[in-house]
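J.: Here is my input; please provide its structure:
(one chain, ligands or ions: 2)
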Amino acid sequence: MNNSLLIKNIKQLVGIDENGRLLRKGSEMAELSGIENAFIYCKDGLIEAYGKMEDISTIDIETSNVTELDATNKTVLPSFVDSHTHLVFAATREEEFVMRIKGKSYEEIAAAGGGILNSAKKLQAMSEDELFDAALARLNEVISYGTGAIEIKSGYGLTVNDEIKMLRVIKRLKEVSPITIKATFLGAHAFPMEYKYDHQAYIKLIIEEMLPQIAAENLADYCDVFCDQGFYNPEETSQVLEAAAQYGLKAKIHGNELGYTGGVQTAVKHKALSVDHLEYTGDAEIDCLKNSQTMPVALPNCSFFLGIPYAPFRKMIDAGLPVCIASDYNPGSSPNGRMGFVISLACTQMKLTPEEAINASTINGAYALELSHTHGSISKGKIANLIITKPISSLAFIPYNFGSDVIESVVVNGNLM
Ligand code: NIG
Ligand code: FE
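T.: Ligands and ions are numbered 1, 2, ... in the order given. Okay, the predicted model is just below:
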(Lines give C-alpha, C1' and ligand atoms only; values in the text may rest on other atoms or scores of the structure.)
(Ligands and ions follow the chains in the order given, each with its own letter.)
Protein backbone atom coordinates (compact mmCIF):
# COMPACT_ATOMS: atom_id res chain seq x y z
CA MET A 1 0.00 0.00 0.00
CA ASN A 2 1.17 3.52 -0.80
CA ASN A 3 2.35 5.02 2.44
CA SER A 4 2.70 8.68 1.61
CA LEU A 5 -0.43 10.78 1.91
CA LEU A 6 -0.95 14.51 1.43
CA ILE A 7 -4.28 16.00 2.48
CA LYS A 8 -4.73 19.54 1.14
CA ASN A 9 -7.15 22.46 1.52
CA ILE A 10 -8.40 21.23 4.90
CA LYS A 11 -10.96 23.68 6.23
CA GLN A 12 -9.89 23.01 9.83
CA LEU A 13 -7.10 20.77 11.11
CA VAL A 14 -7.78 20.37 14.84
CA GLY A 15 -6.26 18.68 17.87
CA ILE A 16 -2.72 19.93 17.26
CA ASP A 17 -0.11 19.69 19.99
CA GLU A 18 3.64 20.12 19.81
CA ASN A 19 4.19 20.40 23.56
CA GLY A 20 4.12 16.68 24.26
CA ARG A 21 1.10 16.91 26.53
CA LEU A 22 0.09 13.55 27.91
CA LEU A 23 -3.40 14.69 28.85
CA ARG A 24 -5.63 17.76 29.18
CA LYS A 25 -7.25 18.68 32.48
CA GLY A 26 -9.61 21.31 33.88
CA SER A 27 -9.69 24.46 31.75
CA GLU A 28 -7.15 22.95 29.30
CA MET A 29 -9.86 20.54 28.20
CA ALA A 30 -11.46 23.38 26.22
CA GLU A 31 -8.24 24.02 24.28
CA LEU A 32 -8.25 22.32 20.90
CA SER A 33 -5.65 24.04 18.75
CA GLY A 34 -6.35 24.20 15.07
CA ILE A 35 -5.21 25.62 11.75
CA GLU A 36 -7.63 26.91 9.10
CA ASN A 37 -6.96 26.15 5.43
CA ALA A 38 -4.34 23.57 6.26
CA PHE A 39 -2.48 20.59 4.87
CA ILE A 40 -1.15 17.46 6.56
CA TYR A 41 1.51 15.17 5.14
CA CYS A 42 1.87 11.58 6.36
CA LYS A 43 4.87 9.43 5.53
CA ASP A 44 5.79 5.89 6.55
CA GLY A 45 2.72 5.71 8.73
CA LEU A 46 3.56 8.81 10.74
CA ILE A 47 2.61 12.48 10.72
CA GLU A 48 5.56 14.07 8.96
CA ALA A 49 4.38 17.67 8.62
CA TYR A 50 1.36 19.94 8.66
CA GLY A 51 0.69 23.63 8.41
CA LYS A 52 -1.09 26.36 6.51
CA MET A 53 -1.68 25.80 2.80
CA GLU A 54 0.32 28.95 2.04
CA ASP A 55 3.38 27.27 3.59
CA ILE A 56 3.06 23.94 1.78
CA SER A 57 5.97 24.75 -0.56
CA THR A 58 8.35 24.92 2.40
CA ILE A 59 7.80 21.23 3.11
CA ASP A 60 9.91 18.51 1.52
CA ILE A 61 7.26 16.32 -0.11
CA GLU A 62 8.10 13.27 -2.21
CA THR A 63 7.42 13.97 -5.88
CA SER A 64 6.28 10.48 -6.81
CA ASN A 65 4.04 7.92 -5.13
CA VAL A 66 2.10 10.42 -3.05
CA THR A 67 -1.63 9.96 -2.64
CA GLU A 68 -3.19 13.41 -2.70
CA LEU A 69 -6.54 14.19 -1.20
CA ASP A 70 -8.53 17.39 -1.39
CA ALA A 71 -10.34 18.22 1.87
CA THR A 72 -12.08 21.45 0.87
CA ASN A 73 -14.74 22.31 3.50
CA LYS A 74 -13.75 19.24 5.53
CA THR A 75 -12.34 18.97 9.04
CA VAL A 76 -9.48 16.66 9.98
CA LEU A 77 -8.91 15.54 13.56
CA PRO A 78 -6.95 12.84 15.37
CA SER A 79 -8.68 9.45 15.52
CA PHE A 80 -10.55 8.52 18.66
CA VAL A 81 -8.82 6.43 21.30
CA ASP A 82 -11.47 4.14 22.78
CA SER A 83 -10.01 3.17 26.14
CA HIS A 84 -12.77 0.83 27.35
CA THR A 85 -14.49 -1.94 25.37
CA HIS A 86 -15.65 -5.52 25.75
CA LEU A 87 -15.89 -6.23 22.04
CA VAL A 88 -15.07 -9.92 22.27
CA PHE A 89 -18.45 -11.50 23.01
CA ALA A 90 -20.51 -14.42 21.79
CA ALA A 91 -24.05 -13.12 21.53
CA THR A 92 -26.22 -10.05 21.80
CA ARG A 93 -28.66 -9.67 24.75
CA GLU A 94 -31.74 -7.99 23.36
CA GLU A 95 -33.98 -10.22 25.50
CA GLU A 96 -32.61 -8.43 28.59
CA PHE A 97 -33.17 -5.10 26.88
CA VAL A 98 -36.86 -5.98 26.60
CA MET A 99 -36.92 -7.12 30.26
CA ARG A 100 -35.54 -3.74 31.28
CA ILE A 101 -38.15 -1.94 29.17
CA LYS A 102 -40.76 -3.89 31.15
CA GLY A 103 -39.32 -2.76 34.46
CA LYS A 104 -36.52 -5.11 35.59
CA SER A 105 -33.31 -3.38 36.59
CA TYR A 106 -29.81 -4.24 35.31
CA GLU A 107 -28.90 -5.42 38.82
CA GLU A 108 -32.01 -7.62 39.17
CA ILE A 109 -31.27 -9.29 35.84
CA ALA A 110 -27.64 -9.84 36.88
CA ALA A 111 -28.60 -11.26 40.29
CA ALA A 112 -30.89 -13.80 38.56
CA GLY A 113 -28.03 -15.17 36.45
CA GLY A 114 -28.52 -12.90 33.44
CA GLY A 115 -26.21 -10.08 32.44
CA ILE A 116 -22.52 -10.92 32.55
CA LEU A 117 -23.24 -14.54 33.54
CA ASN A 118 -25.55 -14.90 30.53
CA SER A 119 -22.76 -13.63 28.26
CA ALA A 120 -20.30 -16.01 29.95
CA LYS A 121 -22.50 -19.04 29.33
CA LYS A 122 -22.69 -18.19 25.63
CA LEU A 123 -19.00 -17.43 25.33
CA GLN A 124 -18.02 -20.69 27.03
CA ALA A 125 -19.95 -22.54 24.31
CA MET A 126 -18.25 -20.76 21.44
CA SER A 127 -14.94 -21.68 19.83
CA GLU A 128 -11.92 -19.41 19.80
CA ASP A 129 -12.09 -19.12 16.02
CA GLU A 130 -15.75 -18.13 15.97
CA LEU A 131 -15.14 -15.54 18.69
CA PHE A 132 -12.18 -14.18 16.76
CA ASP A 133 -14.16 -13.78 13.53
CA ALA A 134 -17.03 -11.99 15.26
CA ALA A 135 -14.70 -9.70 17.20
CA LEU A 136 -12.63 -8.87 14.12
CA ALA A 137 -15.77 -7.78 12.29
CA ARG A 138 -16.65 -5.46 15.21
CA LEU A 139 -13.12 -4.13 15.35
CA ASN A 140 -13.13 -3.29 11.63
CA GLU A 141 -16.50 -1.65 12.04
CA VAL A 142 -15.32 0.70 14.81
CA ILE A 143 -12.15 1.51 12.87
CA SER A 144 -14.38 2.73 10.04
CA TYR A 145 -16.19 4.91 12.59
CA GLY A 146 -12.96 6.67 13.54
CA THR A 147 -11.40 4.61 16.33
CA GLY A 148 -7.62 4.65 15.95
CA ALA A 149 -6.55 2.74 19.10
CA ILE A 150 -8.60 0.59 21.42
CA GLU A 151 -8.67 -1.37 24.64
CA ILE A 152 -10.43 -4.76 24.78
CA LYS A 153 -11.25 -6.64 27.99
CA SER A 154 -11.79 -10.27 28.83
CA GLY A 155 -14.40 -10.96 31.51
CA TYR A 156 -17.03 -13.08 29.76
CA GLY A 157 -15.05 -16.29 30.29
CA LEU A 158 -15.08 -16.60 34.09
CA THR A 159 -13.32 -19.97 34.03
CA VAL A 160 -9.57 -20.45 33.66
CA ASN A 161 -9.90 -21.86 30.14
CA ASP A 162 -12.46 -19.38 28.93
CA GLU A 163 -10.68 -16.29 30.26
CA ILE A 164 -7.51 -17.54 28.55
CA LYS A 165 -9.53 -18.23 25.38
CA MET A 166 -10.81 -14.63 25.35
CA LEU A 167 -7.35 -13.21 25.92
CA ARG A 168 -5.94 -15.37 23.13
CA VAL A 169 -8.61 -13.94 20.83
CA ILE A 170 -7.49 -10.43 21.81
CA LYS A 171 -3.86 -11.41 21.21
CA ARG A 172 -4.78 -12.63 17.70
CA LEU A 173 -6.68 -9.39 17.09
CA LYS A 174 -3.51 -7.50 18.05
CA GLU A 175 -1.57 -9.47 15.46
CA VAL A 176 -3.88 -8.63 12.55
CA SER A 177 -5.19 -5.22 13.58
CA PRO A 178 -3.93 -2.09 11.83
CA ILE A 179 -4.59 -0.15 15.05
CA THR A 180 -2.98 -0.54 18.47
CA ILE A 181 -4.90 -2.74 20.90
CA LYS A 182 -4.37 -2.98 24.66
CA ALA A 183 -5.62 -6.15 26.37
CA THR A 184 -7.16 -6.08 29.83
CA PHE A 185 -7.77 -9.12 32.00
CA LEU A 186 -11.20 -8.82 33.66
CA GLY A 187 -11.62 -12.25 35.24
CA ALA A 188 -13.09 -10.34 38.21
CA HIS A 189 -16.08 -9.13 36.20
CA ALA A 190 -18.64 -11.14 38.19
CA PHE A 191 -18.75 -14.16 40.48
CA PRO A 192 -19.88 -17.33 38.65
CA MET A 193 -23.08 -18.82 40.19
CA GLU A 194 -21.20 -21.69 41.82
CA TYR A 195 -19.05 -19.17 43.73
CA LYS A 196 -21.96 -16.95 44.80
CA TYR A 197 -21.48 -17.93 48.43
CA ASP A 198 -17.73 -18.56 48.26
CA HIS A 199 -16.12 -15.50 46.73
CA GLN A 200 -12.72 -16.42 48.12
CA ALA A 201 -12.63 -19.67 46.14
CA TYR A 202 -13.10 -17.80 42.87
CA ILE A 203 -10.58 -15.11 43.83
CA LYS A 204 -8.14 -17.93 44.60
CA LEU A 205 -8.72 -19.27 41.08
CA ILE A 206 -7.97 -15.83 39.62
CA ILE A 207 -4.83 -15.40 41.70
CA GLU A 208 -3.41 -18.91 41.61
CA GLU A 209 -4.47 -20.14 38.17
CA MET A 210 -5.55 -17.36 35.83
CA LEU A 211 -2.93 -14.70 36.53
CA PRO A 212 0.13 -16.99 36.38
CA GLN A 213 -0.96 -18.43 33.02
CA ILE A 214 -1.84 -15.00 31.62
CA ALA A 215 1.58 -13.73 32.65
CA ALA A 216 3.35 -16.78 31.23
CA GLU A 217 1.68 -16.31 27.85
CA ASN A 218 1.94 -12.51 28.03
CA LEU A 219 -1.77 -12.19 27.34
CA ALA A 220 -2.65 -8.97 29.16
CA ASP A 221 -1.44 -5.40 29.52
CA TYR A 222 -3.78 -4.45 32.39
CA CYS A 223 -6.05 -5.89 35.06
CA ASP A 224 -9.62 -4.72 35.69
CA VAL A 225 -12.10 -5.50 38.47
CA PHE A 226 -15.83 -4.62 38.60
CA CYS A 227 -15.68 -2.96 42.01
CA ASP A 228 -19.32 -2.21 42.69
CA GLN A 229 -22.44 -3.10 44.62
CA GLY A 230 -23.38 -6.75 44.05
CA PHE A 231 -20.01 -7.49 42.42
CA TYR A 232 -16.52 -7.06 44.00
CA ASN A 233 -16.15 -5.07 47.21
CA PRO A 234 -13.04 -2.92 47.79
CA GLU A 235 -11.25 -5.64 49.79
CA GLU A 236 -11.85 -8.28 47.11
CA THR A 237 -10.81 -5.78 44.45
CA SER A 238 -7.58 -5.06 46.32
CA GLN A 239 -6.77 -8.77 46.57
CA VAL A 240 -7.00 -9.17 42.78
CA LEU A 241 -5.11 -5.95 42.01
CA GLU A 242 -2.29 -6.75 44.42
CA ALA A 243 -1.83 -10.15 42.80
CA ALA A 244 -1.95 -8.62 39.29
CA ALA A 245 0.65 -6.03 40.28
CA GLN A 246 3.08 -8.86 41.06
CA TYR A 247 3.01 -9.64 37.35
CA GLY A 248 3.39 -5.99 36.34
CA LEU A 249 -0.26 -5.55 35.35
CA LYS A 250 -1.50 -2.04 36.11
CA ALA A 251 -5.08 -1.50 37.17
CA LYS A 252 -8.04 -0.15 35.21
CA ILE A 253 -11.18 -0.30 37.33
CA HIS A 254 -14.94 -0.47 36.74
CA GLY A 255 -16.26 1.58 39.63
CA ASN A 256 -19.14 3.69 40.99
CA GLU A 257 -21.62 2.59 38.33
CA LEU A 258 -24.23 1.29 40.73
CA GLY A 259 -23.49 3.25 43.90
CA TYR A 260 -20.98 5.04 46.11
CA THR A 261 -19.13 1.83 46.77
CA GLY A 262 -15.50 2.84 47.14
CA GLY A 263 -14.47 2.07 43.55
CA VAL A 264 -12.77 5.42 43.04
CA GLN A 265 -10.89 5.25 46.34
CA THR A 266 -9.79 1.68 45.62
CA ALA A 267 -8.61 2.63 42.12
CA VAL A 268 -6.59 5.57 43.42
CA LYS A 269 -5.12 3.49 46.25
CA HIS A 270 -3.79 1.05 43.64
CA LYS A 271 -2.56 3.84 41.33
CA ALA A 272 -4.95 2.67 38.61
CA LEU A 273 -4.46 4.13 35.16
CA SER A 274 -8.16 4.85 35.01
CA VAL A 275 -11.40 4.40 36.90
CA ASP A 276 -14.33 3.94 34.59
CA HIS A 277 -18.15 4.48 34.79
CA LEU A 278 -18.43 6.99 37.67
CA GLU A 279 -22.18 7.46 37.46
CA TYR A 280 -22.10 7.84 41.27
CA THR A 281 -19.34 10.38 41.91
CA GLY A 282 -19.60 12.82 44.81
CA ASP A 283 -17.29 15.35 46.44
CA ALA A 284 -15.29 12.67 48.27
CA GLU A 285 -14.54 10.88 44.98
CA ILE A 286 -13.63 14.16 43.25
CA ASP A 287 -11.23 15.08 46.07
CA CYS A 288 -9.68 11.65 45.92
CA LEU A 289 -9.16 11.88 42.13
CA LYS A 290 -7.60 15.33 42.45
CA ASN A 291 -4.66 13.86 44.34
CA SER A 292 -4.00 11.10 41.85
CA GLN A 293 -2.67 10.15 38.41
CA THR A 294 -5.84 8.13 37.73
CA MET A 295 -7.90 9.18 34.69
CA PRO A 296 -11.67 9.37 35.29
CA VAL A 297 -13.48 7.71 32.36
CA ALA A 298 -17.21 8.03 31.68
CA LEU A 299 -19.19 5.64 29.50
CA PRO A 300 -22.15 7.75 28.37
CA ASN A 301 -23.57 5.01 26.11
CA CYS A 302 -24.10 2.90 29.20
CA SER A 303 -26.01 5.70 31.00
CA PHE A 304 -28.09 6.24 27.86
CA PHE A 305 -28.81 2.58 27.29
CA LEU A 306 -29.47 1.52 30.91
CA GLY A 307 -31.21 4.77 31.87
CA ILE A 308 -28.87 5.42 34.78
CA PRO A 309 -27.27 8.78 35.74
CA TYR A 310 -24.42 10.28 33.74
CA ALA A 311 -21.07 10.85 35.45
CA PRO A 312 -20.93 14.49 36.67
CA PHE A 313 -18.17 15.52 34.28
CA ARG A 314 -19.06 19.22 34.11
CA LYS A 315 -18.47 19.44 37.84
CA MET A 316 -15.31 17.34 37.57
CA ILE A 317 -13.78 19.46 34.79
CA ASP A 318 -14.67 22.61 36.72
CA ALA A 319 -12.87 21.07 39.72
CA GLY A 320 -9.72 20.90 37.58
CA LEU A 321 -9.79 17.19 36.71
CA PRO A 322 -9.00 15.58 33.36
CA VAL A 323 -11.87 13.49 31.97
CA CYS A 324 -12.09 10.80 29.31
CA ILE A 325 -15.00 9.18 27.47
CA ALA A 326 -15.12 5.71 25.93
CA SER A 327 -17.68 3.48 24.22
CA ASP A 328 -17.85 0.49 26.63
CA TYR A 329 -18.89 -1.52 23.54
CA ASN A 330 -20.49 -4.68 25.02
CA PRO A 331 -23.69 -6.70 24.60
CA GLY A 332 -25.28 -5.70 27.93
CA SER A 333 -24.94 -1.99 28.56
CA SER A 334 -23.62 -0.53 25.29
CA PRO A 335 -24.22 -2.57 22.16
CA ASN A 336 -22.62 0.09 19.98
CA GLY A 337 -19.02 1.16 19.53
CA ARG A 338 -19.44 4.40 17.61
CA MET A 339 -17.36 7.04 19.35
CA GLY A 340 -19.19 9.73 17.34
CA PHE A 341 -22.34 8.98 19.33
CA VAL A 342 -20.36 8.96 22.58
CA ILE A 343 -19.16 12.52 21.98
CA SER A 344 -22.72 13.62 21.14
CA LEU A 345 -23.94 12.23 24.46
CA ALA A 346 -21.03 13.86 26.30
CA CYS A 347 -22.14 17.21 24.89
CA THR A 348 -25.92 16.88 25.16
CA GLN A 349 -26.15 15.00 28.47
CA MET A 350 -22.93 15.81 30.31
CA LYS A 351 -22.55 19.41 29.10
CA LEU A 352 -19.08 19.07 27.69
CA THR A 353 -18.32 21.51 24.88
CA PRO A 354 -17.42 19.92 21.52
CA GLU A 355 -13.75 20.78 22.14
CA GLU A 356 -13.82 19.15 25.59
CA ALA A 357 -15.55 16.05 24.20
CA ILE A 358 -12.90 15.70 21.49
CA ASN A 359 -10.04 16.03 23.97
CA ALA A 360 -11.82 13.54 26.25
CA SER A 361 -12.03 10.99 23.41
CA THR A 362 -8.57 11.51 21.90
CA ILE A 363 -5.61 12.62 24.02
CA ASN A 364 -7.20 11.67 27.35
CA GLY A 365 -8.20 8.28 25.95
CA ALA A 366 -4.59 7.85 24.90
CA TYR A 367 -3.47 8.66 28.46
CA ALA A 368 -5.81 5.98 29.84
CA LEU A 369 -3.97 3.44 27.64
CA GLU A 370 -0.43 4.85 28.07
CA LEU A 371 -0.44 5.82 24.39
CA SER A 372 -0.15 9.60 24.64
CA HIS A 373 3.32 9.57 23.09
CA THR A 374 2.00 8.00 19.85
CA HIS A 375 -1.73 8.74 19.68
CA GLY A 376 -4.40 11.28 20.57
CA SER A 377 -3.24 14.46 18.84
CA ILE A 378 -1.93 15.89 15.60
CA SER A 379 1.78 16.01 16.44
CA LYS A 380 4.84 15.44 14.27
CA GLY A 381 6.09 11.86 14.64
CA LYS A 382 2.83 10.47 16.03
CA ILE A 383 1.03 7.66 14.23
CA ALA A 384 -0.97 9.05 11.31
CA ASN A 385 -4.43 7.95 12.42
CA LEU A 386 -6.92 10.60 11.37
CA ILE A 387 -10.60 11.29 10.89
CA ILE A 388 -11.76 13.21 7.82
CA THR A 389 -15.28 14.59 8.04
CA LYS A 390 -17.75 15.30 5.26
CA PRO A 391 -17.99 18.98 4.31
CA ILE A 392 -19.28 20.56 7.54
CA SER A 393 -19.94 24.10 8.69
CA SER A 394 -18.06 23.94 12.00
CA LEU A 395 -16.46 21.61 14.52
CA ALA A 396 -19.62 21.68 16.66
CA PHE A 397 -21.50 20.03 13.78
CA ILE A 398 -19.73 16.73 14.60
CA PRO A 399 -21.49 16.11 17.96
CA TYR A 400 -24.53 18.16 16.88
CA ASN A 401 -25.39 15.82 14.02
CA PHE A 402 -25.78 12.89 16.43
CA GLY A 403 -26.09 9.34 15.23
CA SER A 404 -25.21 10.10 11.64
CA ASP A 405 -22.13 9.62 9.54
CA VAL A 406 -20.35 12.94 9.76
CA ILE A 407 -17.12 10.99 9.28
CA GLU A 408 -16.41 10.55 5.58
CA SER A 409 -13.20 8.54 5.77
CA VAL A 410 -10.42 7.54 8.10
CA VAL A 411 -6.66 7.33 7.79
CA VAL A 412 -4.86 4.50 9.60
CA ASN A 413 -1.07 4.40 9.69
CA GLY A 414 -1.02 7.01 6.92
CA ASN A 415 -3.26 4.94 4.65
CA LEU A 416 -6.65 6.13 3.51
CA MET A 417 -9.04 3.29 4.46
O1 NIG B 1 -18.93 -1.79 31.62
N2 NIG B 1 -20.41 -2.88 34.37
C3 NIG B 1 -19.76 -3.85 34.09
N4 NIG B 1 -19.42 -4.35 32.90
C5 NIG B 1 -19.90 -3.89 31.62
C6 NIG B 1 -21.19 -4.49 31.24
C7 NIG B 1 -21.15 -5.91 31.17
C8 NIG B 1 -22.40 -6.54 30.68
O9 NIG B 1 -23.52 -6.17 31.06
O10 NIG B 1 -22.22 -7.44 29.88
C11 NIG B 1 -19.97 -2.40 31.56
O12 NIG B 1 -21.05 -1.79 31.49
FE1 FE C 1 -17.19 -1.93 30.83
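J.: Can you tell me how far the residue of the stretch 301-417 of the chain found nearest ligand 1 is from Cys302?
T.: In the stretch 301-417 of the chain, the residue that lies nearest ligand 1 is Gly332 (2.2 Å; CB to the nearest ligand atom). (Each C-beta comes from the backbone N, C-alpha and C, glycine too.) According to CB to CB, to the nearest Å, Gly332 and Cys302 sit 9 Å apart.
J.: what does Ala125 give?
T.: For Ala125, the distance to Cys302 (CB to CB) stands at 26 Å.
J.: residues contacting the residue nearest to Arg24 when sequence neighbours are not counted?
T.: Spatial nearest neighbour of Arg24, chain neighbours left out: Asn359 (4.6 Å); criterion: CB to CB, 6 or more residues apart in numbering. Contacts for Asn359 (CB atoms under 8 Å, 6 or more residues apart in numbering) come out as Gly15, Arg24, Glu28, Met29, Glu31, Leu32.
J.: wait, does the worst-scoring helix or strand of the chain on mean pLDDT contact ligand 1?
T.: The least trusted helix or strand in the chain, going by mean pLDDT, DSSP states H and E, turns out to be helix 106-111, with a mean of 90. No - using CB under 6 Å from any ligand atom, helix 106-111 stays clear of ligand 1, coming no nearer than 7.1 Å.
J.: list the buried ones in that helix?
T.: Of all the residues in helix 106-111, those buried under the rule 16 or more other CB atoms under 10 Å are Tyr106, Glu107, Ile109, Ala110.
J.: Looking at the residues you listed, point me to the pair that's furthest apart.
T.: Spanning the widest gap among the buried residues of helix 106-111 are Glu107 and Ile109, at 7.3 Å by CB to CB.
J.: Where do the helices of the stretch 251-400 of the chain begin and end?
T.: Secondary structure of the stretch 251-400 of the chain (DSSP state H, counting those that start in this stretch): helices located at 263-269, 283-290, 300-306, 313-318, 339-350, 354-361, 363-368, 397-400.
J.: what does the last one contact?
T.: Contacts with helix 397-400, where a contact means CB under 8 Å, 6+ apart, come from 75, 340, 343-344, 346-348, 354, 357-358, 389, 392, 406.
J.: Let me have those in JSON lines, extended by pLDDT.
T.: Formatted as JSON lines, the contacts of helix 397-400 follow (pLDDT from 0 to 100):
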{"residue": "Thr75", "pLDDT": "98"}
{"residue": "Gly340", "pLDDT": "97"}
{"residue": "Ile343", "pLDDT": "98"}
{"residue": "Ser344", "pLDDT": "98"}
{"residue": "Ala346", "pLDDT": "98"}
{"residue": "Cys347", "pLDDT": "98"}
{"residue": "Thr348", "pLDDT": "98"}
{"residue": "Pro354", "pLDDT": "98"}
{"residue": "Ala357", "pLDDT": "98"}
{"residue": "Ile358", "pLDDT": "98"}
{"residue": "Thr389", "pLDDT": "98"}
{"residue": "Ile392", "pLDDT": "96"}
{"residue": "Val406", "pLDDT": "95"}
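J.: tell me which of the residues you listed is nearest to Leu131?
T.: Closest to Leu131, out of all of these and judged by CB to CB, is Gly340, at 26.3 Å.
J.: Correct me if wrong: that closest one contacts Val406.
T.: Yes - the pair Gly340 / Val406 is scored as a contact, 6.5 Å apart, by CB atoms under 8 Å.
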